[in-house]
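dropping the sequence and predicted coords here.
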There are 2 protein chains.
Amino acid sequence: MKAVMENIGVVLHEPRYPENIGAAARCCKNMGIQDLAVVHPHDMDREKMLKMATHEAAELIEGMPVYDSLEEAVSSFGYAVGTTARTGRHRRPSDTPRDMAGYIAALSQKNRVALVFGSEKWGLTNDDLRLCQSVVTIPTAGFSSINLAQSVMILCYEIFTAHAPELGFTPRLASIRELEGMYGHLKEAFLKIGLIDSQNPDHWMMNARRLFGRFELRAKEVKLIRGFCRQVLWALQAMRKT
Amino acid sequence: MKAVMENIGVVLHEPRYPENIGAAARCCKNMGIQDLAVVHPHDMDREKMLKMATHEAAELIEGMPVYDSLEEAVSSFGYAVGTTARTGRHRRPSDTPRDMAGYIAALSQKNRVALVFGSEKWGLTNDDLRLCQSVVTIPTAGFSSINLAQSVMILCYEIFTAHAPELGFTPRLASIRELEGMYGHLKEAFLKIGLIDSQNPDHWMMNARRLFGRFELRAKEVKLIRGFCRQVLWALQAMRKT
């Protein structure tokens, strides 16, 4: 089972060089990806982009959405994969592109999947990665800083050439918009029941994101969890009134 | 068994843009390759190269040999892999990078292997590919023209991440210099015995290259074949004298 490349999108977060945006567009076109978006680009020099994109990929640059936040850029996707060169104690464990690709190929049968790349200078922060359900690190020999467009190519190429095992059932995952709505709802509930401490407000949210991040929640399950939150908030409100 | 990256070299044949040479150097450095060479570069603007190479890969640019011919550039290697986007009836059948990578990883245990890339404009000609024992085509979705440095990255990455099956025995292959010496010798013999027709001089040489190209000849075998040629030539000379 090959990936449905029409369901794959590339998101460049705060790219610095328009040449890299253009080169990424060419990679997308090489591998059958039609969906390229940027968040807060540093420089939108179209001429520099188009030179690297070549004529064939110009349409991706012409139609490219520009977002104000990464959350907005990935909100319509069902799954987001972040990329990072930095690994270590304080980073989430990451997969290889090859292991990721087979799984993405399967998911892409029914879901839109975003590949998210950070800026040339900083990569993705832990906060950015929190929006992603999984994280990929491209293996390197010592010098781990890979050019942005090269990273885009490796991931797109891996997905394009992947053969996923046939799955009996590929559910519609909750979109990232639905997930973020759920986390907002959970935070409200955590605050109201006193679970969230004003000194360390993120601790429980991190735990919740780690827990649910592993599950690839479906749209129905997100509704279930939000229903529970609503009930908790309602009960607290009702108690206060009595 | 991982590839011995110290035994892998990248050869750029007639590259047009110094930026691509620099970007290729960075790819090499990312994947642990220390050996980058160019043949007949169109433009050797070091500043443009170094900008793309980044500080880490500058040493590859500084020490980069510049050759006058592809044959010279690959002569010290035991095996050369050519790359082409053009496939078709008149082209040699090509492997995928993945299939090639496992084999190269095994060969690299005892042999130096060259990855050969053509110019941005024309790629490698059939004549160039004749110097290569195998040919690779990167799979694409329709738009097959991949940026030069991107192609370098995909091949280097595939070899770096490949796991070759353990081989009980990895022989020293004949170097390309030895092979070309053998073909020269064969051509002389073919001419003298009247096998080579002045109207179609390349026909038999093509057949010989196709035949021996499949075998990955060892140094000892090349000596054997050249011994046979020598004997043929000697016998003809002796006959003429009597």
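Sure thing, it's come through.

touching, residue A:187 and residue A:203? I think so.
No. Using Cβ atoms under 8 Å, residue A:187 makes no contact with residue A:203, being 11.7 Å away. From N, CA and C alone the C-beta is placed, and that goes for glycine too.

between the two, which contacts overlap?
Contact criterion Cβ atoms under 8 Å, 6 or more residues apart in numbering or on different chains; residues shared by residue A:187 and residue A:203: residue A:196.

more neighbours: which of the two?
Legend: neighbour count by other Cβ atoms under 10 Å in any protein chain shown for residue A:187 and residue A:203, higher for residue A:187 (18 against 13).

tell me who's in contact with that one.
Counted by Cβ under 8 Å, 6+ apart, residue A:187 has contacts A:196, A:205.

can you tell me the element the residue nearest the centre of chain A falls in?
Centroid-nearest residue in chain A: residue A:80, 2.7 Å away (criterion: Cα atoms, centre = their mean). For residue A:80, the host element (DSSP states H and E) is strand A:79-83.

any idea how far that strand is from the middle of the chain?
Strand A:79-83 sits 3 Å away from the centroid of its parent chain (Cα atoms, centre = their mean, to the nearest Å).

what does stretch A:151-162 give?
In terms of Cα atoms, centre = their mean, the centre of stretch A:151-162 is found 16 Å from the chain centre.

report the rounded mean pLDDT for it.
Stretch A:151-162 carries an average pLDDT of 97.

buried residues in that stretch?
Residues A:151-162 are the ones in stretch A:151-162 that count as buried (16 or more other Cβ atoms under 10 Å in any protein chain shown).

pLDDT score assigned to the residue nearest to residue A:96 when sequence neighbours are not counted?
Leaving aside its chain neighbours, residue A:96 sits nearest to residue A:139 (6.2 Å; criterion: Cβ to Cβ, 6 or more residues apart in numbering or on different chains). Per-residue confidence (pLDDT) for residue A:139: 94.

could you do residue A:60 as well?
So residue A:60 comes in at 97 (pLDDT).

what residues does it make contact with?
By Cβ under 8 Å, 6+ apart, the neighbours of residue A:60 are A:25, A:28-29, A:34, A:36, A:53.

buried subset of those residues?
Burial by neighbour count, 16+ other Cβ under 10 Å: within the contacts of residue A:60 this picks out A:25, A:28-29, A:36, A:53.

pick out whichever of those sits closest to chain B.
Nearest to chain B among the buried ones among the contacts of residue A:60 is residue A:29, at 4.7 Å by Cβ to the nearest Cβ.

ok, the residue lying closest to the closest one once chain neighbours are set aside to residue A:25 distance?
In space, and not counting its chain neighbours, residue A:29 is closest to residue A:57: 3.9 Å by Cβ to Cβ, 6+ apart. Here the criterion is Cβ to Cβ, to the nearest Å. By it, residue A:57 lies 4 Å from residue A:25.

wasn't residue A:9 part of a strand?
Yes. Counting by DSSP: H, G, I helix; E, B strand; the rest coil, residue A:9 is found in a strand.

in space, what's closest to it - neighbours in sequence excluded?
Nearest residue to residue A:9, sequence neighbours excluded (Cβ to Cβ, 6+ apart): residue A:35, at 3.7 Å.

need the pLDDT of the one you found.
At residue A:35, the pLDDT value in this model is 97.

what's the burial count for it?
So residue A:35, with other Cβ under 10 Å, has 20 neighbours.

same question, the one 10 residues further on
Residue A:45 has 15 neighbouring residues, counting by other Cβ under 10 Å.

so it makes contact with residue A:20?
No. Contact criterion Cβ under 8 Å: residue A:45 and residue A:20 do not qualify, at 11.5 Å.

so which strand or helix has the residue nearest to residue A:96?
Per DSSP H and E: residue A:139 is located in neither a helix nor a strand.

so it touches residue B:163, yeah?
No. Contact criterion Cβ under 8 Å: residue A:139 and residue B:163 do not qualify, at 11.8 Å.

among the contacts of residue A:60, which ones are in strands?
Judged by DSSP state E, strands contain the following of the contacts of residue A:60: residue A:36.

tell me the two of the contacts of residue A:60 that are most distant?
Across these, the longest distance by Cβ to Cβ is 13.2 Å; it joins A:34 and A:53.

tell me who's in contact with residue A:193.
Per Cβ under 8 Å, 6+ apart, neighbours of residue A:193: A:232, A:236.

how near is it to chain B?
From residue A:193 across to chain B, the span is 47 Å (Cβ to the nearest Cβ, to the nearest Å).

now do residue A:227
Counting by Cβ to the nearest Cβ, the gap from residue A:227 to chain B is 42 Å.

cool, and residue A:109?
Distance from residue A:109 to chain B, counting by Cβ to the nearest Cβ: 17 Å.

hmm, that residue is touching residue A:4, no?
Yes. In this structure, residue A:109 is within contact of residue A:4 by Cβ under 8 Å, at 5.8 Å.
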